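Visitor: Sequence first, predicted model second:
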Number of protein chains: 2
Amino acid sequence: MQNPVLVEVTRGDRVESAHRGMVAVVDGDGNLVMGLGEIELPVYPRSAVKSMQALPLVENGAAAAYGFGNRELAMSCASHSGEPEHVAAAGDMVARAGLSEVDFECGSHWSFYPKVMIEQVRDHNKPDQLFNNCSGKHAGFLCVSCHAGVDHHGYTGYDHFVQEGIRDVMEDLTGAPLGTDVCGYDGCSIPTYAVPLKSIAHGFARMATGVRLGAERAKAAKMLMSACMAEPFYVAGTGRACTELMELAPGRIFVKVGAEGVYCGAIPELGLGIALKCEDGAERAANVMIAAVLAKLLTDDAELSAKLAEMARPKLSNWNKMMVGGLQPAGELA
Amino acid sequence: MQNPVLVEVTRGDRVESAHRGMVAVVDGDGNLVMGLGEIELPVYPRSAVKSMQALPLVENGAAAAYGFGNRELAMSCASHSGEPEHVAAAGDMVARAGLSEVDFECGSHWSFYPKVMIEQVRDHNKPDQLFNNCSGKHAGFLCVSCHAGVDHHGYTGYDHFVQEGIRDVMEDLTGAPLGTDVCGYDGCSIPTYAVPLKSIAHGFARMATGVRLGAERAKAAKMLMSACMAEPFYVAGTGRACTELMELAPGRIFVKVGAEGVYCGAIPELGLGIALKCEDGAERAANVMIAAVLAKLLTDDAELSAKLAEMARPKLSNWNKMMVGGLQPAGELA
């Protein structure tokens, strides 16, 4: 891979570590607005495309049938922190389809976020599947299957109705053919497909603009993005970058993180889609990259751009709360 | 930075993420045996040089005066996981100097290792300083100060007797001048000095061989490395790479991890010192790099080399224990 250094980690006066990355910003017609690094390289978008994976939930009528509002739709696109509100919402979603925690196929884990994990560990003997950061997405999958009258067992499998529907949607949005040759399996066991970064960005631009999308799909995409921007806590959680970035400019910024340093996003008012990946997979660097990219794209709003630029320069303190360094954008993102 | 990709992270059939790094392997006379990437670049060695920082403990007579054996010496070089044995050992070390947990200046944190953290969280309201992964090193610092009759308060400060002693030792071993211009502060608040990677490796080669070291220093270095190799559990903990690598070939491999993807090590029978750093600071990649480097250096022992090569290819499984990918050495380390 040949990608530029986009984030530096400093300690004292020196750069201690560096993160490389690739960034693609594309409009609805597929024109490249910003391109850094190997943007034609197929990358696994992981959880950053959950809003694409949630389109069938709206399109097949399940979301309406089960009375899902913004919170439930945001949960279906979420990598949440497992806070009590998230866990309750995931359980409530499947209960509306007559299902429960045992029907999930995502596996269990404690929250990735120490403060939440500590509470979970003290209140529970072991984590259940509702704690899984993907439980909202899986609740959506279960509802898609139930509403269509399809046996939900094995809904995570490559050949299941649910995953076939996701492949169709993602091929339409990104224009990339998806098959077993580009398929890996995700942390929650569903297929994830390697797609050129630029094509992923184009898919998000089309979701944000509706350019060359069917009317139903354009409407569903708008509903999901709007839901996430209206309920950003349900997309991630307390102190999380996705939540804080979307809270900064309600209704104007859509972002979603994925494992291994991926971000996807859109700026609806500019009609732009964004996809980026940190070469080494570090989320700390991807958080800086997305904030820095948004700051660059939104310079017309000086106040917002300044706040985003500040979020792109987090400080690092040690166990005694001494400031020891920080992260900062570098190269084209500086 | 211009460093080669040395580790690939795979998912399905594809490389998902990549880690770059720099590796220096040097003999006691300073001859380069293996050099990859920018080995002249000054890097903060962080906790990977704890065995250098522990030399004053042996040299000033404190270790003997307080009756420290291999376990205590290993703890003084450790980044431990906070398992009950580690916590007890750190408390016992300072008790011999009449001190206790309140005298530490490292700060508190829960264990970084989920299994240990869960036990700590269930058994304690909050973490204390003995849980800090550096508590063994700090116990050593407190003992150095007490044995010398120097007020231990402020022992983490740049100008304190303890830190001055460390600077002297590290300048002698690495040949690099250390001052405020190359000084950052570590997670546990002590100074960490940026030193060219090749010079750090040379320092470890000299510790392993005694080449051009005073007799007392050579003896102390041998004692500390031998203690770590004899009690590898006390250098790290259950399932940790440092512990497992040293257990693989008792007395033949010395390794120590540091934050931000650093490893230092030595192979006494070959008279070689090792220093490496993952450019992006990822420990998962540094673990692969050190195992791959050791496998390459120890090819004369085919069985050991094969075991090391296997440790350099860890598998990744997901929340359902499905094998989804792995890490593997790349480029010159493949």
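Guide: Thanks, I have it.
Visitor: Is the strand ranked longest in chain A positioned near chain B?
Guide: Ordering each strand of chain A by length in residues (DSSP state E) puts strand A:14-27 first. Yes - interface with chain B: strand A:14-27 contributes A:14, A:16-20 (Cβ under 8 Å from any Cβ of the partner chain). Heads up, the C-betas are built off the backbone N, CA and C, glycines and all.
Visitor: Closest one of these to chain B?
Guide: Ranked by distance to chain B (Cβ to the nearest Cβ), the residues of strand A:14-27 next to chain B are led by residue A:17 at 3.5 Å.
Visitor: residues touching that closest one, list them.
Guide: A:8-9, B:260-261, B:278-281 (Cβ atoms under 8 Å, 6 or more residues apart in numbering or on different chains).
Visitor: Identify the residues contacting stretch A:234-250?
Guide: A:71, A:74-75, A:77-83, A:85-86, A:89, A:113, A:115-116, A:136, A:228-230, A:232-233, A:253-257, A:287, A:290-291, A:294, A:298, A:301, A:304, A:307-308, A:311.
Visitor: Among these, which are located in strands?
Guide: A:254-257.
Visitor: Name the member of those residues with the shortest distance to chain B.
Guide: For these, the residue nearest chain B by Cβ to the nearest Cβ is residue A:257; the value is 14.5 Å.
Visitor: And for that closest one, the neighbour number?
Guide: Residues contacting residue A:257 under the criterion other Cβ atoms under 10 Å in any protein chain shown number 24.
Visitor: In contact with the residue of the stretch 201-334 of chain A found nearest chain B, which residues are there?
Guide: Residue of the stretch 201-334 of chain A nearest chain B, by Cβ to the nearest Cβ: residue A:319 (2.8 Å). Going by Cβ under 8 Å, 6+ apart, residue A:319 touches B:106-109, B:132, B:187-189.
Visitor: which of those are close to chain A?
Guide: Restricting the contacts of residue A:319 to those near chain A by Cβ under 8 Å from any Cβ leaves B:106-109, B:132, B:187-189.
Visitor: could you redo those residues as JSON lines and give each row neighbour count?
Guide: Converted to JSON lines, the ones next to chain A among the contacts of residue A:319 look like this (neighbours: other Cβ atoms under 10 Å in any protein chain shown):
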{"residue": "B:106", "neighbour count": "26"}
{"residue": "B:107", "neighbour count": "19"}
{"residue": "B:108", "neighbour count": "16"}
{"residue": "B:109", "neighbour count": "21"}
{"residue": "B:132", "neighbour count": "27"}
{"residue": "B:187", "neighbour count": "24"}
{"residue": "B:188", "neighbour count": "28"}
{"residue": "B:189", "neighbour count": "20"}
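Visitor: Dump the residues you listed to a markdown table, plus distance to residue A:164, pLDDT and secondary structure.
Guide: As requested, the ones next to chain A among the contacts of residue A:319 are exported to a markdown table (distance: Cβ to Cβ, whole Å; pLDDT from 0 to 100; DSSP: H, G, I helix; E, B strand; the rest coil):
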| residue | distance to residue A:164 | pLDDT | secondary structure |
| --- | --- | --- | --- |
| B:106 | 54 | 97 | coil |
| B:107 | 52 | 97 | coil |
| B:108 | 51 | 97 | coil |
| B:109 | 46 | 96 | coil |
| B:132 | 51 | 98 | coil |
| B:187 | 48 | 95 | coil |
| B:188 | 53 | 95 | coil |
| B:189 | 55 | 95 | coil |
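Visitor: ranges for the strands of chain A?
Guide: Along chain A, counting by DSSP E, strands occupy A:5-11, A:14-27, A:32-36, A:42-43, A:183-185, A:191-193, A:195-196, A:254-258, A:262-267, A:272-278, A:315-317, A:323-329.
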